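Visitor: give me a 3D structure for the following:
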Amino acid sequence: MFVNAGWQTRGATADELRQLAALESLEPIKPGVPGKAPFWNQQAKQFIWAPAFDLGALNGALWYSFTVTSDSGQVRSFKTNRPWAPLAPIWAEVPAGFATLTVEAHNRIGERIGSAGTRHFYRSAVFAGPYGKPALSYDLSARTALARVMSEPFVQHWLTTGRPAEDYRLYRYASKLISAVITACSLYASQVAHPGDAPEALEIGRRAADFLLSISCRAGTPLEFFPPTYHGAQPGERENDQWTLLISPAEAGQGYLNLFDATGDRKYFDAARRIAGTYRKTQLRSGTWALKVDNRTGKPIAENELIPSVVISFLDRLTTQYGLAENRTGLNRAVRWMMRNPVRTFDWSAQFDDARLRKPYQNLSKHEACEFAAFLFTRTDRDAAEVALAEELLKFAEDQFVMWERPSSFNIPGKELQPQHWFTPCCMEQYAMFEPISGSSAFMIITYVRAFQATGKPLYLAKAESLANALTEAQQVHNGRFPTRMVRQDRIYWVNSTVNTIRSLRLLADALEASPRGAAASR
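Guide: Coordinates of the predicted model:
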């Protein structure tokens, strides 16, 4: 072990936190070993932790020379007897930026007998913060963004029509976007509104929820009571009103529960409970569900399986918060499936309703890994092994998707998305859309806070605050909104991303209030 664990459990200075982050980055994350552990990072865009690559052995080779040449011209080398060895021996000396690894095979007398392979990658900067300062307090930032959401014309439209605004085309992702509005209304009524404003906010939430209920699958159909993933979508390889992504009902179910908590109206609690019942009926013997199915038949449209992190969180909430014990068996089966599959294989394939389905490892994301890690961190019966596992998943998410410092260049299409326009630190979404997204920063903040609460390690809180500081800076530039993409000029606005970001800053504010020492350690 490289890590001095003592630094992680007491108050630490900023310099100690930086040293700890640098030391941690030398430990490979789930390194592949031929025939034993899969190489999950073949399509990776960046690395903070020392990587190991799937490079094959050559006949007659006794040892291998590893050479990393940075685009800046720096060269670092080491020797080993394994062509798939991690880059840990030289990783601390590789500067941030693009670099090329070359692995050469040598025989017993030292002669070069061939190349084991090359790999071009981006060596991302290790955490050297804390970064920035909040443009306004995290609590006020969340409240400001929430008030801005409630003032949006496409949100106010529910009050006058009871239907989604046609000019906000993202409502075609019905469960995700409408449930985000429901949650925003519930939060606003309980956290922000003046006493006279709460009824209007809750009425908007009710009308949005009632519309979603009205377009849900009818009783007796294969996906009875499931709300739709798509509504009014243009049919194509990604979207079709006849398809359901099986994350979507759980997302809607969480929105219904939030509205029930705010209003006490059991109609929304019962709606969430019926969704859970259909999950129980459709759960596969393996413990998971098909990822995408045809509404009319309940049959999968592809062989991809659901990584059920979101469903686990939903069923866990029903079980722990509301005491619905009928969900416990399905919940436990889903957790066991997670342990046997992505936790072991690290195939954290992205599961977005606006993306096409891909083969294993082609398009990883951190969403499901963070969601499952947060679940493990907050389990009342968690043990030390589960906490360690959750920390490993959090490291994977940071390693692959967090940009602590702005690159000088990066291969991303679009002038407005070039790194000089980013608010950093930031977090990228998925390999296939490697762009800085505010909702992705929110996933990391939530998981860092849960990690801090479970372990007491101040480094997690420092990282959460650093990402949050950049969010508040972006918010100031965007007139109270959290932009979907963490850039100066953003032409799209996914309200679900903003609502998730609001939730993350509220959680961070509460954690800091509960732990003054942790707050001081992160400054």
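Visitor: would you map the strands across the stretch 151-300 of the chain?
Guide: 243-245, 292-294 (DSSP state E, counting those that start in this stretch).
Visitor: make TSV out of these and add mean neighbour count, mean pLDDT and distance to Ala147.
Guide: In short, each C-beta sits where N, CA and C put it, glycine included. Converted to TSV, the strands of the stretch 151-300 of the chain look like this (neighbours: other Cβ atoms under 10 Å; pLDDT from 0 to 100; distance: least, Cβ to Cβ, whole Å):
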stretch	mean neighbour count	mean pLDDT	distance to Ala147
strand 243-245	25	98	31
strand 292-294	21	98	36
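Visitor: mind putting the ones you listed into JSON lines with distance to Leu187?
Guide: Output for these, formatted as JSON lines (distance: least, Cβ to Cβ, whole Å):
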{"stretch": "strand 243-245", "distance to Leu187": "25"}
{"stretch": "strand 292-294", "distance to Leu187": "30"}
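Visitor: what's the closest of those strands to Asp270?
Guide: strand 243-245 (20.3 Å; Cβ to Cβ).
Visitor: by contact count, what packs against that closest one?
Guide: Other elements packing on strand 243-245 under the criterion 3 or more Cβ pairs under 8 Å, 6 or more residues apart in numbering; DSSP states H and E are strand 292-294.
Visitor: show me what the strand it packs on is packed against.
Guide: strand 243-245.
Visitor: for Gly414, which of the strands of the stretch 151-300 of the chain is the nearest?
Guide: Closest among these, using Cβ to Cβ: strand 243-245, at 26.3 Å.
Visitor: sheet-wise, list the partners of that closest one with their directions.
Guide: Using DSSP bridges, strand 243-245 pairs in its sheet with strand 292-294 (antiparallel).
Visitor: following element in sequence after the strand it pairs with, please.
Guide: The C-terminal neighbour of strand 292-294 among helices and strands, as given by DSSP states H and E, is helix 309-320.
Visitor: can you name the next helix or strand after that following helix?
Guide: Scanning onward from helix 309-320 (DSSP H and E), the first element met is helix 328-340.
Visitor: next, the buried residues of the very next helix or strand once past that next one.
Guide: Where DSSP H and E defines the elements, the next helix or strand beyond helix 328-340 is helix 342-345. Under the neighbour-count criterion of 16 or more other Cβ atoms under 10 Å, helix 342-345 has Pro342, Val343 buried.
Visitor: and what of stretch 314-326?
Guide: Phe314, Leu315, Asp316, Arg317, Leu318, Thr319, Leu324.
Visitor: for the one helix or strand Thr69 maps to, what is the average pLDDT?
Guide: Using DSSP H and E, Thr69 sits in strand 63-70. Mean pLDDT, strand 63-70: 98.
Visitor: cool, and stretch 450-466?
Guide: Mean per-residue pLDDT for stretch 450-466: 97.
Visitor: and that stretch, what's buried?
Guide: For stretch 450-466, by 16+ other Cβ under 10 Å, it's 450-455, 457-466.
Visitor: repeat for stretch 122-142
Guide: For stretch 122-142, using 16+ other Cβ under 10 Å, the buried residues are 122-127, 129-132, 134-135, 138-139, 141-142.
Visitor: show me those that map onto helices.
Guide: Among these, the residues falling in helices (DSSP state H) are Tyr138, Asp139, Ser141, Ala142.
Visitor: which stretches of the protein aren't confidently modelled?
Guide: Low-confidence segments of the chain, defined by pLDDT under 70: 1-11, 193, 516-523.
Visitor: in it, what residue sits furthest out from the centroid?
Guide: In terms of distance from the mean C-alpha position of the chain, Ile109 ranks first, at 49.0 Å (Cα atoms, centre = their mean).
Visitor: which SS class is that residue?
Guide: coil (DSSP: H, G, I helix; E, B strand; the rest coil).
Visitor: and the spatially most central residue of the chain, what does it touch?
Guide: With distances taken as Cα atoms, centre = their mean, His367 lies nearest the centre of the chain, 2.6 Å away. If a contact means Cβ atoms under 8 Å, 6 or more residues apart in numbering, then His367 has Ser309, Ala350, Gln351, Ser440, Phe443 as its contacts.
Visitor: how much space between it and Ala22?
Guide: Distance, His367 to Ala22, using Cβ to Cβ, to the nearest Å: 27 Å.
Visitor: also Thr282?
Guide: 47 Å.
Visitor: Asn496 too?
Guide: Taken as Cβ to Cβ, the span from Asn496 to Ala22 is 35 Å.
Visitor: for those two, indicate the residue with more neighbours.
Guide: The neighbour count for Asn496 versus Ala22, taken as other Cβ atoms under 10 Å, is higher for Asn496 (22 against 15).
Visitor: surely Lys79 touches Thr67?
Guide: No. Applying Cβ atoms under 8 Å as the test, Lys79 and Thr67 come out as separate, 10.2 Å apart.
Visitor: so between these two, which is more surrounded?
Guide: More crowded of Lys79 and Thr67, by other Cβ under 10 Å: Thr67, with 15 against 12.
Visitor: count of neighbours near Ile437?
Guide: 24.
Visitor: now do the phi/psi pair for it.
Guide: phi -120, psi 130 (degrees, to the nearest 10).
Visitor: what's the closest non-adjacent residue to Ser286?
Guide: Once flanking residues are discounted, Ser286 sits nearest to Trp337: 5.8 Å by Cβ to Cβ, 6 or more residues apart in numbering.
Visitor: now do the contacts for that neighbour.
Guide: Ser286, Gly287, Thr288, Pro308.
Visitor: next one: it from Glu386, what distance?
Guide: In terms of Cβ to Cβ, Trp337 sits 16 Å off from Glu386.
Visitor: can you give me the strands for the stretch 1-150 of the chain?
Guide: 46-47, 63-70, 75-80, 97-106, 112-123.
Visitor: and the shortest one, which strands flank it?
Guide: Strand 46-47 has its sheet partners listed here by DSSP bridges as strand 112-123 (parallel).
Visitor: on that earlier part again, save the ones in helices among the buried residues of stretch 122-142 as JSON lines, and put in distance to Tyr173 too.
Guide: Formatted as JSON lines, these follow (distance: Cβ to Cβ, whole Å):
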{"residue": "Tyr138", "distance to Tyr173": "28"}
{"residue": "Asp139", "distance to Tyr173": "29"}
{"residue": "Ser141", "distance to Tyr173": "26"}
{"residue": "Ala142", "distance to Tyr173": "23"}
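Visitor: so how many other residues sit close to Thr229?
Guide: Thr229: 27 neighbours (other Cβ under 10 Å).
Visitor: hmm, it is touching Leu177, no?
Guide: No. Judged on Cβ under 8 Å, Thr229 makes no contact with Leu177 at a distance of 10.6 Å.
Visitor: can I get the buried residues of stretch 314-326 in CSV including distance to Gly253?
Guide: Formatted as CSV, the buried residues of stretch 314-326 follow (distance: Cβ to Cβ, whole Å):
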residue, distance to Gly253
Phe314, 5
Leu315, 9
Asp316, 12
Arg317, 9
Leu318, 8
Thr319, 13
Leu324, 12
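Visitor: if we can go back for a sec, which among the contacts of Trp337 end up buried?
Guide: Gly287, Thr288, Pro308.
Visitor: roughly how far does the residue nearest to the second one when sequence neighbours are not counted sit from Ala135?
Guide: Distance criterion Cβ to Cβ, 6+ apart; nearest residue to Thr288, sequence neighbours excluded, is Trp337 at 4.6 Å. Relative to Ala135, Trp337 is positioned 42 Å away (Cβ to Cβ).
Visitor: and the strands in the stretch 351-500 of the chain?
Guide: Under DSSP E, counting those that start in this stretch, the stretch 351-500 of the chain gives strands at 402-403, 426-430, 433-436.
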